Each structure stands twice: as structure tokens, then as C-alpha cells.
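Asks: Fold the following, please.
(chains A and B)
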Amino acid sequence: AQTVTQSQPEMSVQEAETVTLSCTYDTSESDYYLFWYKQPPSRQMILVIRQEAYKQQNATENRFSVNFQKAAKSFSLKISDSQLGDAAMYFCAYKYGGSQGNLIFGKGTKLSVKP
Amino acid sequence: DGGITQSPKYLFRKEGQNVTLSCEQNLNHDAMYWYRQDPGQGLRLIYYSQIVNDFQKGDIAEGYSVSREKKESFPLTVTSAQKNPTAFYLCASRARPTEGYEQYFGPGTRLTVT
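Replies: Down below sits the predicted model:
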């Protein structure tokens, strides 16, 4: 069975600095998707970034980028130029179940941003 | 605007009562999901539906039931058999594979049972 592990329950970063959130996963599949979702205090889940396993290039969305290491089964999220609005819970998720597209989530990392 | 709505935002019930949480989407997605979120637990899958009139149990389906009579609607009933129903419940719908499998979430319902 697939598992997703986020080893950092809490992280803190200074405004304008860079922070990296870790995620590892376990799977026997060769083709899959990985996601980072953000949950701010409003509790609305928002997609931050998506990575398709067959793509070698790391995904980037503005200040957010990933370091996808397929052999190591690692999928870390880098937030550059951190802003106060980045403070939130961040969840790593793995898509399993083929075309069904079900997700399994890690337990989350709570990110605080200090002014 | 397309999106997912959940109502109500807060729900209070007495122990032993069934309660139904509403989830509606106008994104024209076939697949819909219900998750439960507890502190420190992440999101856990309760039920999912890939198409109208069909649904499957997720990892923690005991004490819950669903229906999928319309594409737009996927209500969740929390029954009196659910031993610890107080939690935050999230509904989601999923984009097609050609659109990257993204799941879109509603704003959630906080259920408190006393």
C-alpha cells in the first residue's frame, strides 16, 4: 500500500526567506502524480503544485517549486521569498488507484512565517 | 463561478442522531470524494464516487453512508453508529485525467456531536 510521510510537523521561516518542506512516499507504481496542497486558517484546501512522475523536470509555480527525486521517492516543496500569506498547513498527496485518481495525504506540516 | 459548496459551515447534533452533510459542485466533474480531517491526522478518505449511482468505501467508511443520485450532489450521512463523529469534513471533486487529476475542495463542515 502507498504511504506518504511528512516528517516535519511544524516549520518556521522569516519573511522573504526560503523554506523547504519535506515529503517522502512509498509505492511500487511507476507512473503517478504528486501534489502539494495548502490549507490556510480558513481551512480551504488549495492546490499549490502538481508533479507527474514521468516528467523529469521539476514543477514550478511562481515562488513555489519542487525537488522531485523519483529514485529516492522524495518530493519536497521549496517556497522562495516567503510571505505572511504563506502561513498555513501544507499537505503532500500521492495519487493512487490508476484512473480512479484517489489521493492519499501526509499528516501535514504547519508553516509559520515571521515578519 | 464554478466550485464546490458545503453546507452548513458549522453543525451541532446530539449523540444518537443521524446528520446529513451537503456537498454540491457545478464543475461538471464525474468523481466526488468525502474526507474527514482530525488534528494531526491529515485527510482520510470516507467514501468516493466515480460516477452517478455508484460509490465505494474509503479507508474509514464505518458509521457513514452516501448517495449519488445526481452528478452535482454527493451528500454524506453521519449515522449514530459512528463512534467519534466530531470532526471537520471536506468534500472534493476531481478533474479528468487529461486535466491532471486535481481535486477541488469545498470549504468544509465542522460537525460537533455532544
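Asks: Going by C-alpha atoms from here, please, whenever you check contacts or count neighbours.
Replies: OK.
Asks: Which one of the residues in chain B is closest to chain A?
Replies: Chain A sits closest to residue B:42 of chain B, with a gap of 4.0 Å, by Cα to the nearest Cα.
Asks: For that residue, the count of nearby residues, please.
Replies: 20 (other Cα atoms under 10 Å in any protein chain shown).
Asks: and if you look at residue B:97?
Replies: Residue B:97 has 12 neighbours, counted by other Cα under 10 Å.
Asks: contacting residues around it?
Replies: A:99, A:101 (Cα atoms under 8 Å, 6 or more residues apart in numbering or on different chains).
Asks: do that again at 7 Å, thanks
Replies: residue A:99 (Cα atoms under 7 Å, 6 or more residues apart in numbering or on different chains).
Asks: Residue B:70 too?
Replies: Contacts here follow Cα under 7 Å, 6+ apart; on that basis residue B:70 touches residue B:52.
Asks: roughly how far apart are it and residue B:83?
Replies: Residue B:70 sits 29 Å away from residue B:83, taking Cα to Cα, to the nearest Å as the criterion.
Asks: And the pLDDT for the residue of chain B closest to chain A?
Replies: We have a pLDDT of 88 for residue B:42.
Asks: What separation is there between it and residue B:4?
Replies: Taken as Cα to Cα, the span from residue B:42 to residue B:4 is 20 Å.
Asks: And for residue A:110?
Replies: Distance from residue A:110 to residue B:4, by Cα to Cα: 25 Å.
Asks: where does chain B come near chain A, residue by residue?
Replies: B:40-43, B:97, B:101, B:105-107 (Cα under 7 Å from any Cα of the partner chain).
Asks: out of the residues you listed, which one sits closest to residue A:69?
Replies: residue B:101 (20.7 Å; Cα to Cα).
Asks: Correct me if wrong: the closest one contacts residue B:95.
Replies: Yes. Using Cα atoms under 7 Å, residue B:101 is in contact with residue B:95, at 5.0 Å.
Asks: of those two, who's got more company?
Replies: residue B:101 (21 against 18).
Asks: how many other residues sit next to the closest residue to the residue of chain B closest to chain A other than its chain neighbours?
Replies: Excluding the flanking residues, the one nearest residue B:42 by Cα to Cα, 6 or more residues apart in numbering or on different chains is residue A:107, at 4.0 Å. Using other Cα under 10 Å, residue A:107 is surrounded by 25 other residues.
Asks: sec struct for residue A:107, please.
Replies: coil (DSSP: H, G, I helix; E, B strand; the rest coil).
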